[in-house]
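Participant: can't give you the sequence, but here's the structure:
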């Protein structure tokens with residue numbers, strides 16, 4: 001009899017405990033902090049974008065499969081107190097926020113949504129590596145994944161095949177990303193793919209983030225749509241990255257790109273605008289006040305128009321990158337040289353000014369490597385024209401300027 005009374009007291013007490021529960025996502029309820037419960041993480045995020053109400057996430061989450069969320073209304077997340085850790089089972093993205101063609105579950109069809117993510121720590125060191133990273137032959141045996149993406153935060157703001165567009169303004173700030181098990185591992189030993197991938201925002205700001213060991217790009221921003229018509233006004237500023245293949249890159253013809261006040265160390269390619277689809281051109285590009293230490297191609301702009309590259313500092317050009325002792329810049333797809341500023345099929349009105357480009361001293365590599373300061377070359381049938389170079393400084397380089 002006494003045992004039965006004790007049981008009843010315990011059950012009764014449990015009924016009064018205030019334990020927050022994340023219900024399956026609906027269109028009206030306030031999103032609830034999952035507080036370390038990974039099984040409730042997806043519904044909490046879905047609830048936040050279903051309603052447009054802000055969500056706070058705290059706790060530590062071990063993630064073994066992609067957290068897939070459909071973008072509906074604004075998504076506002078404060079993850080300042082959260083840690084997201086990939087397990088060795090994760091094969092694909094850690095978080096996917098996708099636009100779904102014609103989705104109207106919460107009366108949201110044709111309404112644009114903002115995306116704002118603040119804070120959190122992301123660790124992809126143990127994740128499988130995606131199938132489409134650069135130099136797949138360097139992926140360690142047994143870590144090859146089956147998916148084409150493996151990003152920590154993947155936000156796709158448009159359905160390219162139908163041009164159904166959802167993403168208005170995006171802000172990602174104050175996150176810390178780690179992709180390698182050791183702080184000395186080169187990029188090709190990292191798990192996953194890129195840290196942040198985003199397509200199709202009408203305005204995007206990436207700021208105050210830190211990235212350590214990235215298999216592809218720390219930040220990969222892209223225009224979207226069947227002709228790149230969605231994606232513009234991308235600004236990347238005050239970030240730090242080390243040991244990445246690509247530091248910060250914009251692709252597929254997005255216009256009005258600003259990369260400023262960033263610090264990059266040990267990157268194959270530092271700051272870039274890249275051509276993916278021939279004929280798609282990026283216009284109005286500003287690269288300003290960045291510091292890049294040890295790169296094979298520090299600043300690289302392809303098929304762009306109206307470019308300003310001003311007041312950047314490039315140090316230790318020709319030094320070892322990604323533990324590659326070869327004196328050839330083997331991760332530079334355009335030449336064997338280490339290049340400071342590369343203008344590749346750039347036209348319009350272009351200014352390269354006040355940049356400091358410095359080679360290495362006190363090392364046998366000084367005389368063994370080939371280093372070029374400012375390089376212009378043709379690409380995809382476009383010559384590079386309209387370039388004014390003024391008040392740049394060069395030190396310990398083989399060539400200050402090369403026109404190829």
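Facilitator: Noted; the coordinates are in hand. If you're wondering where the values come from, they're calculated on a predicted model, not measured in any experiment. Numbering: from 1, shown residues only.
Participant: use CA for all of it now, contacts and neighbours both
Facilitator: OK.
Participant: burial measure for the closest residue in space to residue 143 that isn't next to it in sequence, as a count.
Facilitator: Excluding the flanking residues, the one nearest residue 143 by CA to CA, 6 or more residues apart in numbering is residue 128, at 5.1 Å. When neighbours are defined as other CA atoms under 10 Å, residue 128 has 28 of them.
Participant: so where's this protein shaky on pLDDT?
Facilitator: The chain contains residues with pLDDT under 70 at 1-24.
Participant: do that again at 90, thanks
Facilitator: 1-25, 81, 227-230, 251-254, 275-281, 362 (pLDDT under 90).
Participant: what domains does the record give for it?
Facilitator: 20-252, 260-404 (automatic domain parsing).
Participant: doesn't residue 273 make contact with residue 250?
Facilitator: Yes: proximity of residue 250 to residue 273 meets the contact threshold set by CA atoms under 8 Å, at 4.9 Å.
Participant: which of the residues in stretch 352-368 are buried?
Facilitator: 352-360, 365-366 (16 or more other CA atoms under 10 Å).
Participant: Name the residues that touch that stretch?
Facilitator: Contacting residues not belonging to stretch 352-368 are listed as 308-319, 327, 340, 371, 373, 387-397 [CA atoms under 8 Å, 6 or more residues apart in numbering].
Participant: Drop anything exposed from the residues you listed.
Facilitator: Judged by 16+ other CA under 10 Å, buried ones among those: 308-319, 327, 340, 371, 373, 387, 392, 394-397.
Participant: So which of those belong to strands?
Facilitator: Taking DSSP state E, the ones among the buried ones among the contacts of stretch 352-368 that sit in strands are 308-310, 313-317, 340, 371, 373, 387, 394-395.
Participant: And the residues you listed, which two are furthest apart?
Facilitator: Farthest apart among those by CA to CA are 316 and 387. That separation is 25.0 Å.
Participant: could you give the angle of whichever strand or helix holds residue 270 to strand 313-317?
Facilitator: Assigned by DSSP states H and E, residue 270 falls within strand 263-274. Angle of strand 263-274 versus strand 313-317, following axes from the mean of the first three to the mean of the last three CA atoms, to 10 degrees, is 100 degrees.
Participant: immediately after strand 263-274, which helix or strand?
Facilitator: Strand 263-274 is succeeded, C-terminally, by strand 282-288 (DSSP H and E).
Participant: Return the distance of that next one from the chain's centre.
Facilitator: Chain-centre distance of strand 282-288: 18 Å, with CA atoms, centre = their mean, to the nearest Å.
Participant: May I see the buried residues of that strand?
Facilitator: For strand 282-288, the neighbour count (16+ other CA under 10 Å) marks 282-288 as buried.
Participant: can you list the ones in strands among the buried ones among the contacts of stretch 352-368 in a markdown table and add distance to residue 267?
Facilitator: Below are these laid out as a markdown table (distance: CA to CA, whole Å):
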| residue | distance to residue 267 |
| --- | --- |
| 308 | 22 |
| 309 | 19 |
| 310 | 20 |
| 313 | 14 |
| 314 | 12 |
| 315 | 12 |
| 316 | 12 |
| 317 | 11 |
| 340 | 12 |
| 371 | 16 |
| 373 | 17 |
| 387 | 26 |
| 394 | 20 |
| 395 | 20 |
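Participant: Now do the helices in the stretch 301-404 of the chain.
Facilitator: For the stretch 301-404 of the chain, applying DSSP state H, counting those that start in this stretch gives helices covering 365-368.
Participant: Nearest spatial neighbour of residue 249, chain-adjacent residues omitted?
Facilitator: Using CA to CA, 6+ apart and skipping the chain neighbours, the partner closest in space to residue 249 is residue 272 (4.7 Å).
Participant: Next, format the buried residues of stretch 352-368 as a markdown table and append distance to residue 210.
Facilitator: As requested, these are arranged in a markdown table below (distance: CA to CA, whole Å):
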| residue | distance to residue 210 |
| --- | --- |
| 352 | 28 |
| 353 | 28 |
| 354 | 27 |
| 355 | 24 |
| 356 | 24 |
| 357 | 24 |
| 358 | 25 |
| 359 | 26 |
| 360 | 26 |
| 365 | 30 |
| 366 | 30 |
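Participant: Which members of those residues occur in strands, if any?
Facilitator: 352-353, 356-359.
Participant: Residue 72: how many residues sit nearby?
Facilitator: There are 32 residues near residue 72, going by other CA under 10 Å.
Participant: how about the strands in the stretch 151-300 of the chain?
Facilitator: Ranges of strands within the stretch 151-300 of the chain are 153-156, 158-159, 164-165, 167-173, 176-178, 196-199, 203-207, 210-222, 232-237, 240-251, 255-260, 263-274, 282-288, 291-302, based on DSSP state E, counting those that start in this stretch.
Participant: Relative to residue 140, which of those strands is closest?
Facilitator: Each of the strands of the stretch 151-300 of the chain has some distance to residue 140 by CA to CA; the shortest is strand 210-222, at 11.8 Å.
Participant: got the angle between the closest one and strand 240-251?
Facilitator: Using the same axes, to 10 degrees: strand 210-222 against strand 240-251 is 0 degrees.
Participant: which residue ends up closest to the midpoint of the chain in space?
Facilitator: Centroid-nearest residue in the chain, with CA atoms, centre = their mean: residue 219, separated by 1.8 Å.
Participant: so residue 394 makes contact with residue 371?
Facilitator: No: using CA under 8 Å, residue 394 is not in contact with residue 371; the gap is 10.7 Å.
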